[in-house]
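> Predicted structure and sequence below. I'll ask about it afterward.
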Amino acid sequence: MLEHFFQCPYCWEEISMLLDTSVSYQTYVEDCEVCCNPIEISVRSTADEIQEFQANPLGQ
């Protein structure tokens, strides 16, 4: 697991998330810990390193 910091696409607050880098590609929805809006998370990783990370408002 790797902690990753990013800005919420709704409230623009910096939040953190634990990402499982043993999975090469994953997409899921998680609520912002500050404003509670749903964020669509897409992560591509290899060898315990994040290659690509996107956090988008749900449905966009």
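Everything's here; your move.
> Return the backbone torsion pair for the residue lying farthest from the centre of the chain.
No residue in the chain sits farther from the centre than Ala47, which is 17.8 Å out by CA atoms, centre = their mean. The phi/psi pair for Ala47 (degrees, to the nearest 10) reads phi 40, psi 60.
> same deal with Thr27?
Backbone torsions of Thr27, given as degrees, to the nearest 10, read phi -130, psi 130.
> show me what contacts the residue farthest from the centre of the chain?
Contacts of Ala47 were listed using CB atoms under 8 Å, 6 or more residues apart in numbering, and they are Thr21. For the C-beta atoms, the positions are set from N, CA and C on the backbone; glycine is no exception.
> Next one: it from Cys32, what distance?
The spacing between Ala47 and Cys32, counted by CB to CB, to the nearest Å, is 29 Å.
> All the strands of the chain, residue numbers only.
2-7, 14-19, 25-31, 38-46, 49-57 (DSSP state E).
> any idea how far the residue farthest from the centre of the chain is from Thr27?
20 Å.
> Then Glu33?
For Glu33 relative to Thr27 (CB to CB), the value is 19 Å.
> who touches the nearest residue to Pro38 once chain neighbours are set aside in this structure?
What sits nearest to Pro38 in space, not counting adjacent residues and going by CB to CB, 6 or more residues apart in numbering, is Leu58, at 4.2 Å. Contact partners of Leu58, counting by CB under 8 Å, 6+ apart, are Val29, Asn37, Pro38, Ile39, Glu40.
> try 7 Å
Neighbour list for Leu58: Val29, Pro38, Ile39, Glu40 [criterion: CB atoms under 7 Å, 6 or more residues apart in numbering].
> Perfect, I'm done here.
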